[in-house]
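Undergrad: Here is a sequence with its predicted model. Questions after.
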Amino acid sequence: MDSVLVLIAAPGTQAIAAPILDLLRDLGGGPPHWLAEGEACEISAFARLPEFMLAIRRFPVDAALISNQNRRKRLLIADMDSTMIEQECIDELGEAAGAGEAIRDITRRAMSGELDFETALRARVRLLAGLQAGLVTRLLRERITFMPGAQTLITTMKANGAYTALVSGGFTVFTGPVARALGFDENQANELVIEDERLTGDVRPPILGQRAKLEALHRMTGRLGLDPGDALAVGDGANDLAMLAEAGMGVALHAKPTVQESALIRVNHGDLTALLYLQGYTKAQFRN
């Protein structure tokens, strides 16, 4: 079979149960191959698949048609904010600087594609001028939390020979510690200008946005002797779109509407372990 339909339930719901399985049978689908009982399965493509896909939208279940060719990827390239971590780091800095509302509004507009990324980034960083650089350490300790499934995703893919890279439009003061904690092989982000232990309100050029993420994908695949088709990319914002489109498996994770409309694979209910199920891993094969 050339492709399979992968179903992934929201964590803890066991939602792939009788109503979905009965619907599958009634529409002519074959029996599921379980990746995790009640949580994730794959099904051979069948004639009434579009009808089935529409019918299961009422359940807390993600569905994606995945090619069996080159399914397990050898490179993971991931966004950080609201993807590998649950926060937007610049918004957290903005709260500390007393400019939280203004920065959140710019972030929202930038991630939805309403504002040019570079313009939006510079505007937000200017609002951080004078903030003590040491505050980042406290934010990392007290405010930044990993997205559920992040550690399992990285550990499992690395155990199976994949190279992992954290590529962010955020800042190296966050990507460095996050990458080390999760076990990424490398990280890339923008660099805040710091003088006398305070943020100046500037970013050291060049600004790394959507184009830089795509270039990172090409650079890494070339260096590793891979093809973009060997890569899995995951992100949630407009500056991830080019990377998601170019990778062999591009996943929009709890993404903004603009990204949802463009991405072929969307995960709205699952956590980051969904990316393992999409590659055909069973839960028994996860590494924690």
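TA: Done, it's in.
Undergrad: what sits against G201?
TA: V125, R126, L127, L128, A129, G130, V193 (CB atoms under 8 Å, 6 or more residues apart in numbering). Where C-beta positions appear, they are placed from N, C-alpha and C, glycine not excepted.
Undergrad: in the protein, which helix or strand is least confident?
TA: When the helices and strands of the chain are compared on mean pLDDT, DSSP states H and E, helix 100-111 comes out lowest with a mean of 88.
Undergrad: I'd like the next helix or strand past it.
TA: Per DSSP states H and E, helix 100-111 leads on to helix 117-126 as the next helix or strand towards the C-terminus.
Undergrad: Between the two ends of stretch 192-202, how far is it?
TA: With CA to CA, to the nearest Å applied, stretch 192-202 spans 6 Å between its terminal residues.
Undergrad: Stretch 54-63 now?
TA: From start residue to end residue, stretch 54-63 stretches across 10 Å - CA to CA.
Undergrad: residues in contact with the nearest residue to F46 once chain neighbours are set aside?
TA: In space, and not counting its chain neighbours, F46 is closest to G29: 4.7 Å by CB to CB, 6 or more residues apart in numbering. Shown in contact with G29 (CB under 8 Å, 6+ apart): I43, S44, F46, R48, L49, F52.
Undergrad: My read is that the second one contacts P32, right?
TA: No. Taking CB atoms under 8 Å as the definition, S44 is not a contact partner of P32, at 9.5 Å.
Undergrad: The two: which is more packed in?
TA: Shown here are S44 and P32; by other CB atoms under 10 Å, P32 has more neighbours (19 against 16).
Undergrad: Which helix or strand contains the closest residue in space to the more buried one that isn't next to it in sequence?
TA: In space, P32 comes closest to C41 once its chain neighbours are excluded; the distance is 3.7 Å by CB to CB, 6+ apart. Using DSSP H and E, C41 sits in strand 40-44.
Undergrad: Next secondary structure after that strand?
TA: Per DSSP H and E, strand 40-44 leads on to helix 49-55 as the next helix or strand towards the C-terminus.
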